[in-house]
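> Sequence unavailable; structure follows:
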């Protein structure tokens, strides 16, 4: 087949290889990103299921009817029952309000229990994975042993019976939340709870029905069950799905996912630009061939057919290779993040592969076909006369094709209109800046160079003479570089944001319920062990009674969990670290004066999401009740809270000392290295009412995920850098044959190699400098939009970009250009002239 | 074989109309050789382009083998070129990425000829380049490149061969060899040869010469009695 012959022969030339490389890269980038994103997303759903110990959970304040459990079983779903409540446990004279969790034999449906015979260990050979407590057994938090002064194997009293403490619980799959950890955990079989007779009508018990499904249709099965049951749920019953189970980690994953998609979009745009430039070059190289075809009697339609077949072949070859490269890259990425992924990662769906493949085809239609479109209409006279003008398809049409293609790719791959618009606006800004600012800079350079030596004059005269081509190169370079800047900056911002999670001394234990008279003792005990806490926060337990003088209705209470339970109020003079005012203003340092309290207009600061949920705005009055004593406060401000900081945070904050007259306890958080966790034993023995929340397990997990996600991002960054370099290569090639030709003529006329080299250096360095400047302008535009709208990061000027960007581009483009044009000085002028 | 009747070509240059060819009429018989000579700018290449159906005249007509190509569409003219015409160019116009053999084979492959490579090899042998068939154009001398171009032109066995300054880029000795080759193949295949040239010796070997003068006011077709 002729087209195969053409393809095989053209492969010897660099132009076709660049075209195919661009398609390969475009497809590889989007395939690797899409496949990875899809597989990881599916894996994460099953992974986050382990935070729930199930794929889906139905939570209820009353026992879940057998009818629903049976329905789940008949639909082929796995089920497990669980209940949790607070109850006293005793051992001789010691007692503790424990957080009891009772499960059946099927628990957990997802994830595993980790347990040991040694208290306060996180790792090591003593840890056993799997199983669950049998009837008569209790698996407990390590801290319960010092609290009750017992050893492993001792019995503890619980209700009307007693139960043997057989294992130390190291990790529960569903222990992610904070609230569940206020009491020391005692995990037991549900039969022991019934036997102990602790549950009486009115007991505050949370019942959970854990559900899991197997197979490819798992998601559908669960959805079907959920749909069937949902309509019959009361206001005291709710679904908990994996995505809601672990807000902290899912935020990290979500941002990494968005970054991956952003990187994918940038990659495909860069590869598209490279393809457009390479196709432009390729089409120029085909002019002679098409002219010859015409003289040999091949008509326009025949030539069009030939090039369409050719483009299809390029598409199939490029897309196939791209798929292979994409799969390899995503496998590498997966290896890097494999530790936190399940062993059996689900394969990608056919759809993802197909879309990857068709991305290559779309790139060709949008970028290559317009570049080749004019070829069949070329006059055959081009072979006889060099003065025949070759008119490529109008820039406007090519622009429209390119813009539509880029728009489609961006919109699809970023899955975000904002990202698409941000990158798109980068292009618009850079294009405008190139043709206005770039033009002006070239003109300025030409004028200024008159005052310098002949090399400068020649270099700037060349740039000016080839200004259309120079500006096109500037556009290519600045587009590529700005997108690389956008990506690396966001990557750095994200990694910085996650840095605290990676920091070794992130607080990993919360200490709560410290009475004011114990504060000094606890503080001194902590400092004697060199434990540094983040400062003490006071807590007052209160309920909300009324909004703006109107008592809460039962409907309001039913709709908002925070209105049904006691809340923790705290006070602070300063806006806590990691908090940001959203509306209103923070109070002055000395606001807790008598005047404020006299007219009961105590200001309160509310976390913005809670305020929105409760429908509270600035100036609203909220009535709080603390143990029967009521007081009113006015909403002074709303603030956002970074919950990922492992420091105490509160929904309601008051000025300092306003709440002093109410009974309060204190809390703090601190970092305890795992080998020093024994300190907790002494602390809990000396201060039995103190409660410790251990977050070291959660933090360890987050840290592992974040560090691996970061590594994944680095690989993606490298892949996108390759796309950027490809664009730069194709841009450099734009003017290469003219440059070599001119250099050969100059050398024939007696110019020295140093003059030729000097001209090349000045030309490319100037193009690099201008590109760098424009790239920074474009990157800032894009970053402001993406950071603000996509990653919820505050927009900022990126000074390093301004200081390093243009200089780096000057050196990089200069080196790349001169490296490419070195044959202008290394080869003999005769060779050059013969070759061109 | 070729019949030209009252052919004129005018082009618009800014506000002026420039006459390149003015009322040309002549005929070229089958197997005959014709040299188109004249100074630069006299319209030689323009005439060649029109004769070969690559361009259209402003007025007048060209018939090839009785078919009036000047009233045909581009597609129809392409079909005439495919059936009748071969070209040799001043700057060889070999495709740089293709070997000598592939360059010769390409027009045959475009016609879907099954034994394109075998035919191409035969013609490379005919022009004495059988040992250079796998060389790329930039690995060949100017004379060798033009020999490949001649092989490519004759491999299609055209009825008419148009040559545009075929020796214009070559030294005298190499040029003479190319000329020998052109005329040998012309004889062998009975091809009608139309050559645009500056070179008197080449023009002298043609059966007839068409003198174009600047401004195209004076045109003469000189009969030659001396055969090559």
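All right, it came through fine. All of these numbers come straight from a predicted model, not from anything done at the bench.

> and residue A:545, which of the three is it?
Here residue A:545 is recorded as strand under DSSP: H, G, I helix; E, B strand; the rest coil.

> Looking at chain B, which residue is nearest chain A?
In chain B, the residue that lies nearest chain A is residue B:82 (2.5 Å; CB to the nearest CB). To be clear about C-beta, it is placed using only N, CA and C from the backbone, and glycine gets the same treatment.

> Quick check: which element contains that residue?
Counting by DSSP states H and E, the element that carries residue B:82 is helix B:74-84.

> Pop the domain breakdown of chain A in here.
Per automatic domain parsing, the structural domains of chain A span A:1-53+A:250-415, A:54-249, A:436-504+A:695-836, A:533-670.

> ok, the first one near chain B or not?
Yep, that's domain A:1-53+A:250-415 we're talking about. Yes. Interface with chain B: domain A:1-53+A:250-415 contributes A:2, A:5, A:9-10, A:12-13, A:288-289, A:291-302, A:379-381, A:383-385 (CB under 8 Å from any CB of the partner chain).

> which helix in the chain runs the most residues?
No chain was given, so I picked chain A. Secondary structure of chain A per DSSP state H: the longest helix is helix A:247-295.

> think we crossed wires, I meant chain B
Under DSSP H, chain B gives helix B:172-189 as its longest helix.

> quick one on the thing from earlier: next SSE downstream of the longest helix of chain A?
helix A:300-336.

> Which positions in the helix or strand that that following helix is followed by come out as buried?
Later in the chain than helix A:300-336, the nearest helix or strand by DSSP H and E is helix A:350-363. Using 16 or more other CB atoms under 10 Å in any protein chain shown as the test for burial, helix A:350-363 gives A:352, A:353, A:355, A:356, A:357, A:359, A:360, A:361, A:362, A:363.

> Report the rounded mean pLDDT for the longest helix of chain A.
Helix A:247-295 shows a mean pLDDT of 79.

> what angle separates that helix from helix A:300-336?
150 degrees (axes from the mean of the first three to the mean of the last three CA atoms, to 10 degrees).

> Distance of the closest residue in space to residue A:585 that isn't next to it in sequence relative to residue A:560?
What sits nearest to residue A:585 in space, not counting adjacent residues and going by CB to CB, 6 or more residues apart in numbering or on different chains, is residue A:637, at 5.8 Å. Using CB to CB, to the nearest Å, residue A:637 is found at 21 Å from residue A:560.

> Ok, residue B:29 next?
Distance, residue B:29 to residue A:560, using CB to CB: 104 Å.

> which one of the two has more residues nearby?
More crowded of residue B:29 and residue A:560, by other CB atoms under 10 Å in any protein chain shown: residue A:560, with 16 against 12.

> the bottom helix or strand of the chain by mean pLDDT?
Using chain A here. helix A:594-598 (a mean of 48; mean pLDDT, DSSP states H and E).

> picking that back up, buried ones among the residues of domain A:1-53+A:250-415 next to chain B?
Judged by 16+ other CB under 10 Å, buried ones among those: A:5, A:9-10, A:288-289, A:291-300, A:302, A:379-381, A:383-384.

> Contacts only, for the one residue sitting closest to the centre of chain B.
With distances taken as CA atoms, centre = their mean, residue B:162 lies nearest the centre of chain B, 1.5 Å away. Contact analysis of residue B:162 by CB atoms under 8 Å, 6 or more residues apart in numbering or on different chains lists B:48, B:51, B:52, B:85, B:86, B:87, B:88, B:194, B:195, B:196.

> ok, what's across the strand from the fifth one?
What that stands for is residue B:86. For residue B:86, the beta-bridge partners are residue B:161 (DSSP bridges).

> picking up where we left off before, of all the contacts of residue B:162, which comes closest to residue A:658?
Nearest to residue A:658 among the contacts of residue B:162 is residue B:87, at 97.7 Å by CB to CB.

> Look up how far residue A:287 lies from the residue of the stretch 301-450 of chain A found nearest chain B.
Using CB to the nearest CB, the single residue of the stretch 301-450 of chain A nearest to chain B is residue A:380, 4.2 Å away. When distance is defined by CB to CB, residue A:380 is 11 Å away from residue A:287.

> re earlier: and the residue of chain B closest to chain A, how many residues sit next to it?
Using other CB under 10 Å, residue B:82 has 19 neighbouring residues.

> Pretty sure it sits against residue A:294.
No. Here residue B:82 lies out of contact with residue A:294, judged by CB atoms under 8 Å, at a distance of 10.2 Å.

> Report the contact partners of residue A:377.
When contacts are counted by CB under 8 Å, 6+ apart, residue A:377 is found next to residue A:300.

> for residue A:627, that is, sorry about that
Applying CB under 8 Å, 6+ apart, we find residue A:627 in contact with A:541, A:662, A:663.

> Would you mind checking those for buried ones?
The neighbour-count criterion (16+ other CB under 10 Å) marks residue A:662 among the contacts of residue A:627 as buried.

> backbone phi and psi for residue A:85, please?
phi -160, psi 170 (degrees, to the nearest 10).

> can you give me phi and psi for the nearest residue to it once chain neighbours are set aside?
Leaving aside its sequence neighbours, residue A:85 sits nearest to residue A:205 (CB to CB, 6+ apart; 4.3 Å). Residue A:205 has phi and psi values of phi -120, psi 140 when expressed as degrees, to the nearest 10.

> What parts of chain A come near chain B?
A:2, A:5, A:9-10, A:12-13, A:288-289, A:291-302, A:379-381, A:383-385, A:834-835.

> Recalculate using a threshold of 6 Å.
A:2, A:9-10, A:12-13, A:289, A:295-299, A:380-381, A:383-384, A:835 (CB under 6 Å from any CB of the partner chain).

> Between all of those, which two are at the greatest distance?
Pairwise distances across the residues of chain A next to chain B peak at 32.2 Å for A:299 and A:835 (criterion: CB to CB).

> Pull up the distance across stretch A:655-666, start to finish.
One end of stretch A:655-666 to the other measures 16 Å (CA to CA, to the nearest Å).
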